[in-house]
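1. I would like to see how this sequence folds:
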Amino acid sequence: MRQYLLDTDISVNYLRDSIATVRKVQTLGVANLYISEITVAELKYGAAKSNRPAHNRQEVNSFCAKFRIVRLNQVFDVFAAEKVRLEKLGLRLDDFDLLIGATAIRYGFILATNNIKHFERMQNLSLESWTT
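-> Below is the predicted model of the structure:
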């Protein structure tokens, strides 16, 4: 079975009970799905700035407990090389997104995202849109 790294926007869709996203997670099974430490940080930030921080923090913690969280310590070389390559081409990508993409590349995951155009600049990154 193929393994997927869930981007932050896919994670937010799941938290908002997007039927399509919830079904996709159920179909693939959580054993084949991962999230990055970056996604955890972004979700916690979103909860903290929300109108219901305590409730949303609890939802985020519950969500994160379902998935294996991929640590960043093995992705920095991929991140650095890809950032340099993109800069030389005059293309920029937010560092957090670069780290998420680098994580997928490093571990051979398919990146599940709603932002295909955003990530398709990265080399050797397998992408799958969960909105179509």
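
2. So which residues of this protein form helices?
-> Remark: helices assigned in the chain by DSSP state H are 8-15, 19-28, 37-49, 53-66, 76-88, 95-107, 116-119.

3. Quick one: mean pLDDT for the longest one?
-> Model confidence over helix 53-66 averages 97 on the pLDDT scale.

4. Next: the fifth one.
-> Over the span of helix 76-88, the pLDDT mean works out to 97.

5. shaky segments in this protein?
-> Applying pLDDT under 70 to the chain picks out residues 132.

6. Same question for stretch 50-57: list its buried residues.
-> If you call a residue buried by 16 or more other C-beta atoms under 10 Å, then stretch 50-57 has these buried ones: 56-57. Glycine gets a C-beta too; all of them are placed from N, C-alpha and C.

7. hang on, the earlier thing: indicate which one of the helices of the chain is closest to Thr131.
-> Nearest of those to Thr131, taken as C-beta to C-beta: helix 19-28 at 7.4 Å.

8. got the angle for the closest one vs helix 8-15?
-> 90 degrees (axes from the mean of the first three to the mean of the last three C-alpha atoms, to 10 degrees).

9. residues making contact with helix 19-28?
-> The contact list for helix 19-28 (C-beta atoms under 8 Å, 6 or more residues apart in numbering) reads 1, 4, 10, 13-14, 33, 112, 130-131.

10. Mind checking which of these are buried?
-> Burial by neighbour count, 16+ other C-beta under 10 Å: within the contacts of helix 19-28 this picks out 4, 10, 13-14, 33, 112, 130.

11. Dump the helices of the chain into JSON lines; add distance to Leu125 as well.
-> Output for the helices of the chain, formatted as JSON lines (distance: least, C-beta to C-beta, whole Å):
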{"stretch": "helix 8-15", "distance to Leu125": "15"}
{"stretch": "helix 19-28", "distance to Leu125": "19"}
{"stretch": "helix 37-49", "distance to Leu125": "15"}
{"stretch": "helix 53-66", "distance to Leu125": "23"}
{"stretch": "helix 76-88", "distance to Leu125": "9"}
{"stretch": "helix 95-107", "distance to Leu125": "5"}
{"stretch": "helix 116-119", "distance to Leu125": "6"}
